[in-house]
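> need coordinates for the following:
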Amino acid sequence: MTKALGLMSGGLDSTLAAMVLMRQGIEVTGIAFVTPFFGAEKARKAAAAIGQPLIIADISAIHLQMLKHPHHGYGRFMNPCIDCHAMMFRLAGEKMQEDGYDFLFSGEVLGQRPMSQNSTALKAVAKHSGFLEQILRPLSARRLAPTAMEQNGLVDRNQLLDIQGRSRKPQQALAREWGLKELPAVAGGCLLTERSFSNQLRDLFSHHGSADVSDVELLNIGRQFRLKPTAKLVVGRNQEDNQALEGFLTESRLLLRCQDFSGPLGVLCGDTDQTTQEQAAAIVASYSQGKDEPLVKVLCFAHNSSSSLTVPPMPREESIKMLLR
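Reported below is the predicted structural model:
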């Protein structure tokens, strides 16, 4: 039996691409990649809905290195879509060879995204991946040149689709026709396509070129304040943020919280000299229940020690100038 390995975001397109192949008797497995910018929950749900096995792989470290210097550059924000898709196909291709799949596929649609899914971009992705002859796009295949898989009979070209353009109506109609009871989201979702997150990531890279996965993961939590080029403060917005921030205390970070008032946790990254600690403590105090007090005691936890600072809460108009948005 022919076996195919497909990139699965959990969006409608990748789900339908898998179904197109399943409907002609091909054994289909999905692979979903995880980074700080996108996860696998939607892919899990979509795969379960169509009875498709799913492989999940965390590629955070290697993806971050690509993201810092993408060969084809960024899209509208910090999204290096061509390089990202090529990397996914390259990693999926290695899995294909390791486990004996016959080819790769994805839910990409010709012309759906003007910059990253035009004909030139699709060819660049395939070539850059190293698996130029083994990638199939089932949803638009009949608008593209026949692949080796179609020519050698592994796939019936007549049962592939000819969808093109930005409208999702053909996919939505097909999903209803094929009995998908709950339509997946139109896309899997990626934080790199969001303006606010991209601004924060750009700030991180410009001030901390050696940023690692943990630094990037912090961008997903709370309010981000740039105190100076060598220091940044993250302040929780709610209890969920506070619980998450507890896990980010390292040798190069401090954890801050008010001693006598309820409020957020703060994580100070980078330069932690006395002046910077006092500034960070004043911001944390300003978001606590003691924000109107003349002085607030803030506890500072280092990796192997602790101390305290008594500071006046910073006026909101001052802290807002340092808030990354």
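> where is the longest strand in the protein?
Assignment by DSSP state E gives strand 27-34 as the longest strand of the chain.
> and the angle for the helix or strand where L91 lies with strand 27-34?
Assessed by DSSP states H and E, L91 sits inside helix 81-99. Counting by axes from the mean of the first three to the mean of the last three Cα atoms, to 10 degrees, helix 81-99 points 130 degrees away from the direction of strand 27-34.
> mean confidence for helix 81-99?
The average pLDDT for helix 81-99 rounds to 97.
> which residues are in contact with that helix?
By Cβ atoms under 8 Å, 6 or more residues apart in numbering, the residues outside helix 81-99 that reach it are 5, 7, 31, 33, 55, 57, 59, 62-63, 66-67, 70-72, 75, 101-104, 106, 108, 113, 115-116, 121, 124-126, 128-131, 134-135. The C-beta positions use only the backbone N, C-alpha and C, and glycine is treated the same way.
> could you do stretch 290-303 as well?
Outside stretch 290-303, the residues that touch it by Cβ under 8 Å, 6+ apart are 249-251, 254-261, 263, 277, 281, 284-285, 288, 306-313.
> just how off-centre is the helix or strand encompassing M19 within its chain?
Secondary structure from DSSP H and E places M19 in helix 12-22. Chain-centre distance of helix 12-22: 22 Å, with Cα atoms, centre = their mean, to the nearest Å.
> cool, and stretch 211-228?
Taking mean C-alpha positions (Cα atoms, centre = their mean), stretch 211-228 and its chain are 14 Å apart.
> likewise for stretch 304-316?
With Cα atoms, centre = their mean, you get 34 Å for stretch 304-316.
> what's the average pLDDT for that stretch?
Stretch 304-316 shows a mean pLDDT of 96.
> ok, back up a step: would you mark the buried spots in the longest strand of the chain?
For strand 27-34, the neighbour count (16 or more other Cβ atoms under 10 Å) marks V28, T29, G30, I31, A32, F33, V34 as buried.
> residues contacting the second one?
Just to be clear, that refers to T29. K3, A4, L5, G6, Q52, P53, L54, I55, Y101.
> ok, which stretches of the stretch 51-200 of the chain are helices?
Using DSSP state H, counting those that start in this stretch, the helices found in the stretch 51-200 of the chain span residues 60-68, 81-99, 119-129, 148-151, 169-177, 195-207.
> indicate which one of these is closest to E318.
helix 195-207 (18.7 Å; Cβ to Cβ).
> buried sites along that closest one?
Buried positions in helix 195-207, judged by neighbour count with 16+ other Cβ under 10 Å: F197, S198, Q200, L201, L204, F205.
> residues contacting the second one?
Right, the one you point to is S198. F77, M78, N79, L192.
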